[in-house]
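K.L.:
Need the 3D shape of this:
(one chain, ligands or ions: 1)
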Amino acid sequence: MLEVKNLYSGYDGRDILKDISFKVKNGENLCIVGPNGCGKSTLLKSIANLLEHRGSVIIDGKEVSSMNKKSFARKIGLMSQITQIYFPYTIYDTVSLGRYAYSKGALSKLSKEDDRIILESIEKVGLLDIKDKMITELSGGQIQRVFLARVFAQDPDIILLDEPTNHLDLKNQIDLLENLKEWISLNNKIVVGVLHDLNLVQYFADNVLMLKDGQIVAYGNPQTVLNDPILDDLYGIDIKGFMTEILKKWE
Ligand SMILES: Nc1ncnc2c1ncn2[C@@H]1O[C@H](COP(=O)(O)OP(=O)(O)OP(=O)(O)O)[C@@H](O)[C@H]1O
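P.N.:
Numbers count the residues shown, from 1 in each chain. All right, here's what the predicted structure looks like:
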């Protein structure tokens, strides 16, 4: 269980997130939605303990800020928005970094079990046939999948995803979400993800948390939250009307 209680956090002494509280049970995913700049990435970074915060982030009864690095890495894996800075590693080597949480020392070799998990994670994202390629030679979508495989190899209890679909074509977006759904239900894990595409939120989310100016304005299942009149106010357009119009064009 992930529990966020009365969380405040931000930058340079200025609070972006104000009094955020919610819970996510094992076996469930939560999608965070809201307009640009409302604090979605800040929330993920705070849960991942990358930003100082006030209030509590508790996993299975334990405060994250009190965990050591390795036990924290077994609990939470973050796949953030990809940057342009990559090390010249192969896909295999990059994914193997996910096994850090289970290594015995800085220079310890990968075990057979590590190797099996790394290959399985690479296969899951469909890159096994190019596992020895340098990541500097990959497309944005392929890199996205490498980083996802690294989180799978880390095998944490909770995966945090910041716009994981933004470099992927439609088939890969759906494959990714299916993969995550399977990972959640087979292993009784948790995913908290920021998704901009509200169609994908409808498709994927168990629960939706809607943020505005750093505060929660709606929380619940997608049927309820995505029908809330707040949504139109938040984005400044009639979202449902727009989506329905687009659907008609496909007929
Ligand atoms: N490193 C930083 N230093 C100072 N302010 C920041 C920093 N990162 C983000 N902010 C500010 O915090 C606010 C929330 O940003 P955040 O990235 O969490 O929004 P978001 O909802 O994820 O946005 P987007 O949908 O555009 O990715 C914004 O006003 C942003 O300018």
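K.L.:
where does the spatially closest residue to K70 that is not a sequence neighbour land in three-state SS?
P.N.:
Leaving out its chain neighbours, the residue that sits closest to K70 by CB to CB, 6 or more residues apart in numbering is A101, at 5.4 Å. All C-beta atoms are positioned from the backbone trio N, CA, C, and that covers glycine. Under DSSP: H, G, I helix; E, B strand; the rest coil, A101 falls in the helix class.
K.L.:
Where do the strands of the stretch 101-250 of the chain begin and end?
P.N.:
In the stretch 101-250 of the chain, the segments counted as strands under DSSP state E, counting those that start in this stretch are 158-162, 190-194, 207-212, 215-220.
K.L.:
can you list those in JSON lines and add mean pLDDT?
P.N.:
Below are those laid out as JSON lines (pLDDT from 0 to 100):
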{"stretch": "strand 158-162", "mean pLDDT": "94"}
{"stretch": "strand 190-194", "mean pLDDT": "97"}
{"stretch": "strand 207-212", "mean pLDDT": "96"}
{"stretch": "strand 215-220", "mean pLDDT": "95"}
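K.L.:
rewinding a little: my guess is the residue nearest to K70 contacts I76, does it?
P.N.:
No. A101 is beyond contact range of I76, at 10.0 Å (criterion: CB atoms under 8 Å).
K.L.:
which one of those two has more residues nearby?
P.N.:
Applying other CB atoms under 10 Å to A101 and I76 shows that I76 carries more neighbours, namely 25 against 18.
K.L.:
ok, the more buried one to K62 distance?
P.N.:
12 Å (CB to CB, to the nearest Å).
K.L.:
Quick check: residues of the stretch 1-150 of the chain near the ligand?
P.N.:
Neighbours of the ligand within the stretch 1-150 of the chain, by CB under 6 Å from any ligand atom: Y11, I16, G34, N36, G37, C38, G39, K40, S41, T42.
K.L.:
Thanks again, I'm all set now.
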